[in-house]
Structure formats: C-alpha cells, structure tokens
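*Asks:* Sequence first, then the predicted structure, then my questions.
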Amino acid sequence: MNETTKRRHAVRGNAGDSTTKVGKAAQSSRANQASPELLGVPGEKVVQAAEYGRDLWQRSILFLDTLRERANNMLDHERAGLPPLLDFKYEMILDGRDFEAPSNYALLRITEVGDDCWDDCVDPEKPPVIVIDPRAGHGPGIGGFKHDSEVGMALHEGHPVYFVMFYPEPSPGQTLADVLHALRRFVDEVAQRHPKTPPILYGNCQAGWAVAILSADCEGLVGPAVLNGSPMSYWAGEAGVNPMRITGGLLGGVWLAHLAADLGNGRFDGAWLAQNFENLKPEKAIWEKYAGLFAKVDTERERFLEFERWWNGFYFMSREEIVAIVENLFIGNKLENGEFRICNGCTADLRRIRNPLVIFASYGDNITPPHQALGWIPAVYKDTDDLKRAGQRIVYLTNPHVGHLGLFVSAKVARLKHRAILESLDEIEELNPGLYEMQIDNPSGDPDCHKPQFSVRFIERKVEDIDFAKQPESFERVRAVSEANEAFYRTFVSPWVQAATNPWIAETLKWQHPMRVSRYVFSEVFNPWMRVVAGLADVVAKERRPMSDNYPMIKNEREFFGRVSEAMEMVRELRDAGNEHVFRLLYGQNLFEPSQKKPGKDEP
C-alpha cells in the first residue's frame, strides 16, 4: 500500500466516523429533511434525491477503488510467490521439497504474536498444537490469518504452535502418499521437540481426512485430533441442501478433473474449486458480498480486502493428487469403507485410530454438513458397544447456522468454540470410551478470552442415533460410471491432450480463468481507466459524508438488494432441485437391469 493510498484511507476513516462538527451538522440536517412530516413537500424530495445521488456516486467510486486495490493486492501476492497469509511471525522447520520423496509441504513454528515472542506466549509443559490447513483451491493461512483464529486461540492457551503450509506449485508427479509421508515426518519432528506430551492435530476441511489417516498410522505418537468442518463420509447429505455430493455424478465422474489437470500441463488449477464454492450459493458468495461492500463501503472496505487477500490466492495440485482425491473420496467414498489405498500394501483403516477425536460441524455448512462429518462413525463402528470395545472416544459439537468458512474465520467461533475445545482436551482424554456430544453453555453470550463466561458438558450419545439418509445404490452406480469414463479418457484421450499441452498453454489458461479475470481486470496494469478511479477516490475521500442508514432512499436501496438476493436464492433452489431430479433419473434406478423393487411402494 503506497503513501497516497494510506492517506486516502486515513481521510476516509475520519470521514466515515463523522468526527467533524460540519459532518455531524450535515447528518443532522439530512435526518431532519428525511422526517415523515417533510416527505410531502416536493422541494424536500428533490433535495433528498440530490443528497442520495451524491452519496450513490461517492460509494460507486469507493466501491470501484476497493476492487482496484483488491486486484493490485492479488497481483502483488502473485509476484511475491503467494506466501502463506499468517498474522503471526514464523520460522521454517522442515521443507518437504527437500525430502527423498518431495512434496510441496513445509512445517513452520510460530515464533511471535504481535510484539510478544515465543517465550512470552508459550507454556513448555503444554502439548504442542499442529494446525494443518486444507488444499482446497486456496493457499494456507485460513487457520491463522488473523489474531482471533485457531492459531491465535492455541497460543492464547499457552500451547506451542506449529503450522503446516504448502507452496503454490506441487512437486512434479507428487502423490497423496508423498504428502502423507511428509505429514508423518512433521509429526515425528514435533514429537521429538516435545517428548513429554504428544502433539494435538488440528485438521481444517480437506485436511481433516489427512489428520484421520495420520491418527490411524501414528498410534501412540499423537494426542487428540480435531476435525474442523472435515468431510469423511462423502456420499452423505440432504437432497436439495447439499448439492455438491451429486456434482461428480452429473459431470460423469473423475475424467473432467483429469482433463483440467492435463490442460494445466500436469497441474490442476485450484481456481476451479473456488469457483465451485461460489456457485453453490451465488446469492451469498457473489451478490451479497458485493452488495454489502457497496452499501457500507466506508466500514466494510478493510474487512473485505483482508479476506480477499486469502480468497484470491489460487494454488495448484498435481494431476496424480486431484485424480486420487476425486476418485477415492468424492466419487468412491472409500475412506469410511477402509478401501482408501495410500500406496502399495498400505490402506487407510479408521478403526486403527486410538487417540480421541473431536469433530466440529455446522448445520449451516453446505460444504461439509454434519451428515458428512459424522456419517462415517456408524459405517466404521456397527453400534455403541463396538465403539467402546475399540477403546475409542469420539466427541462432536455442532453449530446451528454458521457457514463453512465461518468455522475457520469467524472470530466469535474462534473465541468460544475453539477455545472451549482446547481447554477441554484434558477432560476429553479422561472420558471413558464412547460417543459424546460436547455442549457449551454460554449464558452471557460473551466469548471474551479474558473473562471466561462458559462451561462445557459432555453428554453420552449412541452410535445408533447417527442415522442420516443415504443413497448407496445410486452412488455405487456413479462410481461405476466414473471408472468407465476415466478408463476411456486415460486410455484414448489423455495421451493426446498431454501431447498437445505445454507450459505456455497452461499459463495462458491460468490467466484466462474467470476467477482471475474478474479480479485483475480492475487493476491499473490491465485497465488504465482505473487510474481515473483512483484519482476520483482521492477527491471523494476528502469530501465523504456517509448518509444515515435511516434515510428513506437508503432503506429502499437495502430492500432492493434483499429482493435481488431472494430472487437469486429462488433460482438457485430451482437449479438444485432440477439437478437432484436429473441425478435420480440417471442413477436412481439401474436402467440396464430389471428393477427388483415393488412398484408403487419403494422409491425409485
């Protein structure tokens, strides 16, 4: 951020706070003008319209200027090599690129928090925490890109904290086995540094299944593992609510991901995964995000830019990784069935897990609903007695409404939920084998770290009570179709695509991806007109006087935004319902064999 931009932000911040007497007087005058008894005066309506027009113009300039700065941040981050966006200082411990079987993962140790160093924050007697971020299209940092985060809460509780990052580019031919072997070595390194207590593993989203496999493979070496918004049972979900579970079937299986990786010269562009996320709920991920910024650009600008720095950093996977992930997890659902082959002679078996598991999920999460976070338990353990005989302790807690990203980035969730989890780990380890629901009582609603206001209870539950609806026959057909399509593509098409692709074509396709074009088109580098916007933003910032939210035309604007969001939601629900109908037509009944079900009684 250059000095001109900093001055503009400072001026805009002062204007947004309305600290001058002139600004307060102007706001008071507009409030009087907007009073009901004056609405019938034609002259006042003209004045109100003029005031609103001025405010609309100013917000439009500041909105475009925010998009300009986002584009510049994105390009600057790209030029810097897309480093992890952690709000903490760190040092490199191990670099997986130097291993015998190289991978693009690395182990970091958090060394400073603000002005406090390691010795001021850490209690050496407490077990270390290893936070592993997901490779789901974006770069590392979601677990610690602000102070109130998983990393921040672990440090607040006095734990030594390590963070597993990854580089934008995978090592050539990198496989899931290479990644898991690197993670195992990271766990060994931390365990050797802290021999008194085994490390606590924290797996976010797609890193959760990696943590589960590590737990199964590192018996006795790791402490409690927290699976945070982590899908484990990929076929589970609710029709019309969790559309991602059927996407693979509608696209014909894994072959399309294989094609995208071939066109990327052996790399799969994570921007495709980010685009899929936004398409799940476009009314929120696209419309409400930008409408909210436009409506409150004076106060939302910095929060928007902070999140977008992480959201727009797109990373790559190797062809071998993305094909294995889609084939074994999203399409095959092989993890919960004990069929996920890591390498020759090594298959993931969740029954080998002996360290306590803490599962955090939300019913407002349409990426990893509780169905997918918990549905694997009755698939691995046939009943509660089976779980107890295995000597395992599984604790789960749910949130009624927070979305997928809120599980990681919400400061309120971090200060209450993640803090409560960390403070309860000793008690969890003392529980008898079984299944428990963790309930947090917080009557004051205040999650302030310095004023404990909550208590935690563990209520024993039964494995038999986890009874989510399933469609195993339909998804078995999806797996069969995917395997056939992939075999055809790998044999007859992939060699020709790979022969026709080179690094220049791959780089061109990268920068033509809609997720990048829609961002960098607002940078001065690609759009000289944005220099005019930057100049106008300087002028607007000096004269900016935000209108009150109670102003009639501002209220009308908010209502219009709300109606557009509702209309987009209706269209999205129709789209999802249509996709579910097509999925049932394609896979709900075997079209090549006579049905064994009784007509009129069984569902198709």
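*Replies:* Nice, I can see it.
*Asks:* The stretch 51-200 of the chain: strands as residue ranges?
*Replies:* For the stretch 51-200 of the chain, applying DSSP state E, counting those that start in this stretch gives strands covering 89-95, 105-113, 116-117, 129-132, 161-166, 200-204.
*Asks:* what about those, which gets the closest to Gly143?
*Replies:* With respect to Gly143, and counting by Cβ to Cβ, the nearest of the strands of the stretch 51-200 of the chain is strand 129-132 at 4.5 Å. C-betas here are computed from N, CA, C, even on glycine.
*Asks:* Show me what that closest one is packed up against.
*Replies:* Contact analysis of strand 129-132 by 3 or more Cβ pairs under 8 Å, 6 or more residues apart in numbering; DSSP states H and E lists helix 150-156, strand 161-166, helix 176-193, strand 200-204, helix 207-217 as its packing neighbours.
*Asks:* Distance of the closest residue to Leu329 other than its chain neighbours relative to Asn333?
*Replies:* Of all residues not flanking Leu329 in the chain, Tyr234 sits nearest, at 5.4 Å (Cβ to Cβ, 6 or more residues apart in numbering). Using Cβ to Cβ, to the nearest Å, Tyr234 is found at 5 Å from Asn333.
*Asks:* just Asn579 next, same as before
*Replies:* Distance of Asn579 to Asn333, given as Cβ to Cβ: 19 Å.
*Asks:* Just give me the neighbour total for Leu586.
*Replies:* Applying other Cβ atoms under 10 Å, we find 17 residues neighbouring Leu586.
*Asks:* and it, which of the three is it?
*Replies:* Under DSSP: H, G, I helix; E, B strand; the rest coil, Leu586 falls in the helix class.
*Asks:* Unless I'm misreading it, it sits right up against Gly249, doesn't it?
*Replies:* Yes. Using Cβ atoms under 8 Å, Leu586 is in contact with Gly249, at 6.8 Å.
*Asks:* one step back: export the helices and strands packed on strand 129-132 to JSON lines and append columns for distance to Glu486 and mean pLDDT.
*Replies:* JSON lines is the format used below for those (distance: least, Cβ to Cβ, whole Å; pLDDT from 0 to 100):
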{"stretch": "helix 150-156", "distance to Glu486": "36", "mean pLDDT": "86"}
{"stretch": "strand 161-166", "distance to Glu486": "26", "mean pLDDT": "95"}
{"stretch": "helix 176-193", "distance to Glu486": "17", "mean pLDDT": "94"}
{"stretch": "strand 200-204", "distance to Glu486": "28", "mean pLDDT": "93"}
{"stretch": "helix 207-217", "distance to Glu486": "21", "mean pLDDT": "89"}
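*Asks:* what would those look like in a markdown table with distance to Arg479 and mean neighbour count?
*Replies:* Formatted as a markdown table, the helices and strands packed on strand 129-132 follow (distance: least, Cβ to Cβ, whole Å; neighbours: other Cβ atoms under 10 Å):
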| stretch | distance to Arg479 | mean neighbour count |
| --- | --- | --- |
| helix 150-156 | 34 | 26 |
| strand 161-166 | 28 | 26 |
| helix 176-193 | 18 | 20 |
| strand 200-204 | 25 | 27 |
| helix 207-217 | 18 | 24 |
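*Asks:* Can you add distance to Glu557 and give the ones you listed back as CSV?
*Replies:* Shown next, in CSV, are the helices and strands packed on strand 129-132 (distance: least, Cβ to Cβ, whole Å):
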stretch, distance to Glu557
helix 150-156, 36
strand 161-166, 42
helix 176-193, 48
strand 200-204, 37
helix 207-217, 41
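*Asks:* and of the ones you listed, who's closest to Ala567?
*Replies:* Among the helices and strands packed on strand 129-132, strand 200-204 comes nearest to Ala567, with 33.4 Å by Cβ to Cβ.
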